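J.: Okay, sequence plus prediction incoming.
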Amino acid sequence: FSWSSKQTQNDEIEDNSQQTVKTVVSSPLIGFNVLRNNSYSSWHTHSPFPLNRYNATTTLCEAASSNPAEKTPYKPSDPAEPVADASNNEDKTTKPKGGMWGEEDDGLFHGLFPRRQLWRPHLEYPLWHADWDGRQPLPVESDDKDESARLTAQRDRQIRKNGVTKHIILIRHGQYDETYKEDEKRLLTPLGREQAAMTGKRLGQLIRGVNEEFGPCKVKVVRVSNLARAKETADIIFDNMDLDNFDGDMVERADPDPLLNEGRPCHHIPGGKARPSVVERTDEHHPRIEEAFNKYFHRAPMPEIPPAAAESKKDSIIATASTDDSNEGVKEQKLVADPKHEFEVIVCHANVIRYFFCRALQLPPEAWLRLCTFNCSLTYFTIRPTGTVSCRMLGDIGHLPHEMCTFSMHTGFNW
């Protein structure tokens, strides 16, 4: 099996390594503003969303120069204002989850790009949308309201205790030859292949474990985009995991997924006015990359875990590489992966990873270009059974020596 042998899809790829970014004039009003005779407080930032919902007759500059006592509480004025959390709705399939919507004649967002291409959160920032993946359980029904709350809390405690935590490790492909336009020719450089090999060794150690304290991790599948540089990276990573003599659960190699291909996920702020071609690419690429996010980012299904399963890790004596002949006759203790943790590895691209980061943490996706993920870096998320999301690593390259750290064709850090 080789990902590189799969048919390549020749999609237009956008390379952001040499993008020119223009700075937008920022608001002079930043920080908390509290009325003395009112409990109202607000946080005005560079984020597009509070600005977008300010009353059209009031500018931030006017708000900054006005008497604080004359300020009025924040009131959404955007026609597409956020809706209340509908976690209790019976029909969960129709519940809005946020996104891009609007009409062609809605105008530009601060003169930058069509307002219809602005991401609208399900709930106003910085509120957390608990049912972001559509898998939040409904409250337990009961005629008595207090009893319903008690049973729901009891059910939620069982979910936290017995549920499976989903771990997602996103890996950017290795350095590749950017001189060609044809995807099949955009293969890894010699340095890119070394980066992928060292990344495979790191993942192999994670899968096998080191000792009882730093035990093995249950990696269920390695996924990859359908572009040549990502498939070559995934092949090299898998070959260097050293799983030939691995006696734990086998790691699945998923077919390449074009949804994970590189592209322009959405507009970025700061930035200048979007050209018509950029608007067209955003319309083309955003729905695909958003579909990929919804496909892979969600909490794990709630399994039926017997009470004794939680203690199995301590008592079990599955997952080590084979030992050499000198250890024959010596009973080797084998380590077992914790059944309450499942890992997925996705080898893809910088723009996709940065967009996933913002979406997973429910941050404005337009901030994606403010992040930087080096070649073969690891960006690592956990999704708890309750639906909370945490980022444990962002662009981690600790497994690569200094002379192997690159961002596209940029080497080292002096750029």
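T.: Structure's in. What do you need?
J.: hey, let's count contacts and neighbours off CA atoms from now on
T.: OK.
J.: for Ile171, phi and psi?
T.: Ile171 adopts backbone torsions of phi -120, psi 120, taken as degrees, to the nearest 10.
J.: who's it bridged to?
T.: On the basis of DSSP bridges, Ile171 is bridged to Val347, Leu378.
J.: for the stretch 301-415 of the chain, what spans make up the helices?
T.: Secondary structure of the stretch 301-415 of the chain by DSSP state H, counting those that start in this stretch: the helices cover 312-315, 350-360.
J.: ranking these by burial, who's on top?
T.: Greatest average neighbour count among the helices of the stretch 301-415 of the chain goes to helix 350-360 (a mean of 24), per mean count of other C-alpha atoms under 10 Å.
J.: packing partners for that helix?
T.: Helix 350-360 is packed against strand 165-172, helix 276-296, with contacts defined by 3 or more C-alpha pairs under 8 Å, 6 or more residues apart in numbering; DSSP states H and E.
J.: Report the inter-axis angle for the first one versus helix 350-360.
T.: Following axes from the mean of the first three to the mean of the last three C-alpha atoms, to 10 degrees, one obtains 150 degrees for the angle between strand 165-172 and helix 350-360.
J.: Could the C-alpha coordinates of strand 165-172 be exported in CSV?
T.: Presented in CSV, the C-alpha positions along strand 165-172 are these (Å, rounded to 0.1, in the frame of the first residue of the first chain):
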residue,chain,number,x,y,z
THR,A,165,-11.4,11.1,24.4
LYS,A,166,-10.6,11.7,20.7
HIS,A,167,-7.1,12.8,19.9
ILE,A,168,-6.4,14.4,16.5
ILE,A,169,-2.8,15.0,15.4
LEU,A,170,-2.5,17.2,12.3
ILE,A,171,0.8,17.0,10.4
ARG,A,172,1.9,19.4,7.7
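J.: Any idea which of the helices of the stretch 301-415 of the chain gets closest to His341?
T.: For His341, the closest of the helices of the stretch 301-415 of the chain is helix 312-315, at 11.8 Å, according to C-alpha to C-alpha.
J.: average pLDDT for the closest one?
T.: Average pLDDT, helix 312-315: 42.
J.: if we can go back for a sec, same list (the helices and strands packed on helix 350-360) but as TSV, adding distance to Arg208 and mean neighbour count.
T.: Listed next are the helices and strands packed on helix 350-360 as TSV, based on distance: least, C-alpha to C-alpha, whole Å; neighbours: other C-alpha atoms under 10 Å:
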stretch	distance to Arg208	mean neighbour count
strand 165-172	16	25
helix 276-296	24	16
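J.: and the ones you listed as TSV, adding mean pLDDT and distance to Ser2?
T.: Formatted as TSV, the helices and strands packed on helix 350-360 follow (pLDDT from 0 to 100; distance: least, C-alpha to C-alpha, whole Å):
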stretch	mean pLDDT	distance to Ser2
strand 165-172	98	18
helix 276-296	97	22
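J.: With respect to Leu335, which of these lies nearest?
T.: strand 165-172 (19.3 Å).
J.: what's in contact with the closest one?
T.: Contacts to strand 165-172, defined as C-alpha atoms under 8 Å, 6 or more residues apart in numbering, come from residues 230, 299-300, 340-350, 353, 373-385.
J.: about what we covered before: nearest to His110, out of the helices and strands packed on helix 350-360?
T.: The closest of the helices and strands packed on helix 350-360 to His110 is helix 276-296. By C-alpha to C-alpha, the value is 15.0 Å.
J.: can you state the direction angle for the closest one and strand 165-172?
T.: Angle of helix 276-296 versus strand 165-172, following the same axes, to 10 degrees, is 150 degrees.
J.: For helix 276-296, C-alpha coordinates in CSV please.
T.: C-alpha atoms of helix 276-296 as CSV (Å, rounded to 0.1, in the frame of the first residue of the first chain):
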residue,chain,number,x,y,z
PRO,A,276,-12.2,39.1,-7.6
SER,A,277,-10.0,36.0,-8.2
VAL,A,278,-9.6,35.6,-4.4
VAL,A,279,-13.3,35.9,-3.8
GLU,A,280,-13.9,33.2,-6.4
ARG,A,281,-11.3,30.9,-4.8
THR,A,282,-12.9,31.4,-1.4
ASP,A,283,-16.3,30.4,-2.8
GLU,A,284,-14.7,27.4,-4.4
HIS,A,285,-12.5,26.2,-1.5
HIS,A,286,-14.3,27.1,1.7
PRO,A,287,-17.2,24.7,1.4
ARG,A,288,-14.8,21.8,0.8
ILE,A,289,-12.5,22.6,3.7
GLU,A,290,-15.4,23.2,6.0
GLU,A,291,-16.9,19.8,5.0
ALA,A,292,-13.5,18.2,5.9
PHE,A,293,-13.6,19.9,9.3
ASN,A,294,-17.1,18.6,10.0
LYS,A,295,-16.2,15.2,8.8
TYR,A,296,-13.2,14.6,11.1
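J.: what sits against the closest residue to Glu252 other than its chain neighbours?
T.: Once flanking residues are discounted, Glu252 sits nearest to Val221: 4.4 Å by C-alpha to C-alpha, 6 or more residues apart in numbering. By C-alpha under 8 Å, 6+ apart, the contact set of Val221 is 251-254, 343-345.
J.: try 7 Å
T.: 251-254, 344-345 (C-alpha atoms under 7 Å, 6 or more residues apart in numbering).
J.: so it sits in a helix?
T.: No - counting by DSSP: H, G, I helix; E, B strand; the rest coil, Val221 falls outside a helix, being strand.
J.: mind checking pLDDT for it?
T.: Here, the pLDDT recorded for Val221 equals 95.
J.: all numbers from here: first residue = 29
T.: New numbering, starting at 29: the last item is Val249.
J.: Could you pick out the buried ones from the contacts of Val249?
T.: 281, 372-373 (16 or more other C-alpha atoms under 10 Å).
J.: Put together JSON lines for the residues you listed, with distance to Ser305 and pLDDT on each row.
T.: Output for those, formatted as JSON lines (distance: C-alpha to C-alpha, whole Å; pLDDT from 0 to 100):
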{"residue": "Arg281", "distance to Ser305": "36", "pLDDT": "93"}
{"residue": "Glu372", "distance to Ser305": "35", "pLDDT": "97"}
{"residue": "Val373", "distance to Ser305": "33", "pLDDT": "97"}
